[in-house]
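Novice: one predicted model, sequence on top.
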Amino acid sequence: MAKLELIKGDITKLKVDAIVNAANSLLQGGGGVDGAIHRAAGPGLLAECKTLGGCPVGEAKITSGYNLLAKFVIHTVGPIWHGGGNNEEHLLAGCYKNSLGIADNLKLKSMAFPNISTGVYRFPKELAADIAIKQVQDFTKKAEFLKQIIFVAFDEENYEIYREKLKS
Ligand code: ADP
């Protein structure tokens with residue numbers, strides 16, 4: 001059974017098998033955590049991303065980690081929040097589920113998630129945390145290889161939300 005952890009900080013600094021990127025559907029880099037990951041990984045990451053043909057919302061694709069300490073980057077595309085009537089919750093759950101599935105299928109032991117869609121995509125943070133925690137907790141029960149799954153909160157607000165929710 002995989003262990004679930006919460007830390008506050010910069011996901012690009014983590015030495016885990018895979019970090020998850022909150023990418024956009026073109027997979028061509030962007031702002032926020034996406035920009036930070038591309039800056040830290042170096043130009044090889046963008047070159048590989050350009051060969052992937054983009055990624056649909058809710059799905060995920062994996063690349064090498066290049067100059068990162070992480071061996072791999074799993075790029076997933078979170079939904080933009082449009083009020084909740086556009087399948088946003090289901091799509092966000094898919095980001096977590098599909099990223100976990102890719103990692104476990106490749107026999108990775110450790111991975112880290114940012115708070116997908118809670119930046120410029122404006123997904124409500126409490127609801128996003130409920131979805132993220134549910135998907136990860138469900139997966140920990142069936143994971144075959146993953147031993148460590150880390151939530152990385154970059155902002156204080158997300159950190160406090162996760163801390164409260166993970167207490168119970
Ligand atoms: P999205 O477009 O999915 O909303 P953002 O990158 O704008 O993606 O934000 C997603 C989350 O990533 C936000 O909670 C933001 O605080 C966080 N974030 C930004 N930079 C980093 C980083 N270096 N490490 C971890 N999380 C980060």
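Specialist: Now that the structure is in, tell me what you want to look at. Numbers count the residues shown, from 1 in each chain.
Novice: so which residues on the chain come close to the ligand?
Specialist: 10-12, 22, 32-34, 36, 78, 114-121, 152, 154-155, 158 (C-beta under 6 Å from any ligand atom). C-betas here are computed from N, CA, C, even on glycine.
Novice: just the ones of those residues in strands?
Specialist: 22, 152 (DSSP state E).
Novice: tell me the buried residues in stretch 113-120?
Specialist: 113, 114, 115, 116, 117, 118, 119 (16 or more other C-beta atoms under 10 Å).
Novice: and what of stretch 90-107?
Specialist: 91-100, 102-104.
Novice: what residues does that stretch touch?
Specialist: 17-18, 20, 57-62, 72, 74, 76-79, 111, 113, 116-117, 123, 128, 131-132, 134-136, 139, 143-146, 149 (C-beta atoms under 8 Å, 6 or more residues apart in numbering).
Novice: at 7 Å instead, please
Specialist: For stretch 90-107, contacts defined as C-beta atoms under 7 Å, 6 or more residues apart in numbering pick out 18, 20, 57-60, 62, 74, 76, 78-79, 111, 113, 116-117, 123, 128, 131-132, 135-136, 139, 143-146.
Novice: report the buried members of those.
Specialist: 18, 20, 57-60, 62, 74, 76, 78-79, 111, 113, 116-117, 123, 128, 131-132, 135-136, 139, 143, 146.
Novice: and those, which of them are in helices?
Specialist: The helices, defined by DSSP state H, take in 128, 131, 132, 135, 136, 139 from the buried ones among the contacts of stretch 90-107.
Novice: return the member of those residues nearest to residue 53.
Specialist: residue 135 (25.3 Å; C-beta to C-beta).
Novice: name all residues that make contact with the closest one.
Specialist: Neighbours of residue 135 in contact, by C-beta under 7 Å, 6+ apart: 93, 96, 97.
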